[in-house]
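here is a sequence together with a model predicted from it:
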Amino acid sequence: MAEQSLPKTHTDPMASLTPRQIVEELDRYIVGQNEAKRAMAVALRNRYRRAKLPAELRDEVMPKNILMIGPTGVGKTEIARRLSRLVKAPFLKVEATKFTEVGYVGRDVDSMVRDLVETSVRMVRQERTAEVERPARAAAEERVARILTSGSDRPKSNFRNPFEMLFSPQGSGTSADEGRSKEETPPEDIKARLRRGEFDDVVIEVDVLERTPSMFDMFNGSGMEELGINMQEMFGNFFPPRRRRQKMTVREALEALTQEEAQKLIDVDEANAEGVYRAEQNGILFLDEIDKIAERNGSYGGPDVSREGVQRDLLPIVEGSTVMTKYGPVRTDHMLFIGAGAFQTAKPSDLIPELQGRFPIRVELSPLTRDDFLRILTEPANALTKQYQALLQVDGVHVEFAGDGLEEIASLAEVVNQQTEDIGARRLQTLVEKVLEDLSFAAPEVTSEPIVINRDYVREKLHDIVGNQDLSRYIL
């Protein structure tokens, strides 16, 4: 059956992004690893190209899944996460070791597809909520103004007894809109003062929807999601939503009621359908630690008994199958799967051949060097040094990182990674945190003069720890 066309309400960000532009955007946050960036950019652009093909050919073009090979801390996850944000695609990162073969205690692989669909639906609902924010805010202000003038925004009901309220068809009785139309409209000056924030700290009582977890949520993650789905379909609309009276400030009430009014204005069924569509066509599933489910050198038995079983369970999901969710059946044929792992004790060839064939593009990420560490500390838009400068600036402490100080931190990161475990760029977080530990503790009482982090300052804080390998294993 031919695929449905892209909904008119959705603008594909890939339409204005070429692979070169994608790589340039990734360069703002990730240092090096150009081969991986290029492979990811091409894979994402191919999705846009596929969407422009005739319907009869579109279904035949399958995504080129990627296997990223490299040590921890070199940017595998960050590349995928940044890319998904750039193209506004549903993204889910899962640990392959979380899943177990059918018959063992643990989560089954279908649950990651359900989680991705939930993420996609939530993204669409947030977009729809943003689109109706202005009318929802106006309705919320109307309700709060009514509370300020009359003490309540609850309309009177025509129900004669509790059983009539429970079992009467929807629409009987006096609706909220009908009840409010009979009441006096709040004065405009109250609404104007409300918009100016004059009542922000006033405490009022508001009737809000009770957001308690559903009893069907107990099935999540237990491998019995389908049972929960069917039960919820049977009983979900049997009882009306519960409301409770809660005290809160006007500022909090406006936020809560705006969300509540927005839910009335959006088409939930349409948002759910759009979320499923985006998950099927644009979803990205990042399978981290995939090397941990590979059979090392053909070993079998013991605690590794279910590894090949997990691979067999993953295979139909990756090659394309249908998974039942509470939003209906979801196809995985055109989802993009990105496998990632260090592959230090296992090799990609240790995966079962069928699964290897489903990851045709393989990219090897190189370990980070001293020069890479130095660039990571200075070049990215979210560089670690910029983050710490902003954090300490909150307490009025101005920190400057001298060039020789950054070079020393980069050199020490390379040394410690060589002497202990190589954790890549994550070592920089440990080192910078240790360098600024005393300053962060005393920040509120420190003088307002700029503090320069130079080579001498770094050596004073770290030299003894780095020189003692036993100590550095525990602290750094």
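Arrived safely.

could you point out the longest helix in this protein?
Across the chain, the helix with the greatest residue count (assigned by DSSP state H) is helix 110-131.

output the contacting helices and strands for it.
Judged by 3 or more CB pairs under 8 Å, 6 or more residues apart in numbering; DSSP states H and E, the packing partners of helix 110-131 are strand 91-95, helix 225-235, helix 250-265, helix 268-282, strand 284-288, helix 307-319, strand 322-325, strand 328-331. For glycine as for every other residue, the C-beta is placed from the backbone atoms N, C-alpha and C.

could you list the low-confidence segments of the stretch 1-150 of the chain?
Of all residues in the stretch 1-150 of the chain, those with pLDDT under 70 make up the ranges 1-12, 100-106.

hey, where'd the helices end up in it?
Shown for the stretch 1-150 of the chain, the helices assigned by DSSP state H, counting those that start in this stretch span residues 19-27, 34-51, 55-58, 76-87, 110-131, 133-150.

so the last one versus helix 250-265, what angle?
In this case it means helix 133-150. Angle, helix 133-150 to helix 250-265, by axes from the mean of the first three to the mean of the last three CA atoms, to 10 degrees: 130 degrees.

right, and S84 touches K93 too?
No - shown here, S84 and K93 do not form a contact pair, counting by CB atoms under 8 Å, at 9.4 Å.

these two: which is more packed in?
Comparing S84 with K93 by other CB atoms under 10 Å, the one with more neighbours is S84, at 23 against 16.

list the contacts of that one.
When contacts are counted by CB atoms under 8 Å, 6 or more residues apart in numbering, S84 is found next to P90, F91, I284.

quick check: closest non-adjacent residue to the first one.
The shortest distance from P90 to any non-neighbouring residue, by CB to CB, 6 or more residues apart in numbering, is to S120 (3.7 Å).

wait, that neighbour sits on G283?
Yes - the pair formed by S120 and G283 meets the contact definition of CB under 8 Å, at 6.4 Å.

identify the contacts common to the two.
If you check S120 and G283 against CB under 8 Å, 6+ apart, the residues they both contact are P90.

before we move on, back to that, closest to V310 out of the helices of the stretch 1-150 of the chain?
Distances from V310 to each of those were compared using CB to CB; the shortest belongs to helix 110-131, at 11.8 Å.

circling back: can you say which of the helices and strands packed on helix 110-131 is packed in most?
Here the criterion is mean neighbour count by mean count of other CB atoms under 10 Å, and of those the winner is strand 284-288, at a mean of 24.

now do it: which elements does it pack against?
By 3+ CB pairs under 8 Å, 6+ apart, strand 284-288 packs against helix 76-87, strand 91-95, helix 110-131, strand 336-341.

who's in contact with K347?
Here K347 is in contact with A294 (criterion: CB under 8 Å, 6+ apart).

how far away is it from R251?
K347 is 58 Å from R251, where distance means CB to CB, to the nearest Å.

check D313 too.
As for D313, its distance to R251 is 49 Å (criterion: CB to CB).

before we move on, what about E295?
58 Å.

likewise for M40?
Taking CB to CB as the measure, M40 falls 42 Å from R251.

and E142, by the same measure?
Relative to R251, E142 is positioned 16 Å away (criterion: CB to CB).

just L377 next, same as before
Distance, L377 to R251, by CB to CB: 40 Å.

same thing with T322?
Here T322 is placed at a distance of 46 Å from R251 (CB to CB).

sorry, back to before: of the helices of the stretch 1-150 of the chain, which is nearest E421?
With CB to CB as the measure, helix 76-87 is the member of these nearest E421 (16.6 Å).

now do that closest one and helix 268-282, the angle between them.
130 degrees.

pretty sure E414 contacts T369?
Yes - E414 lies in contact with T369 (CB under 8 Å); the separation is 6.6 Å.
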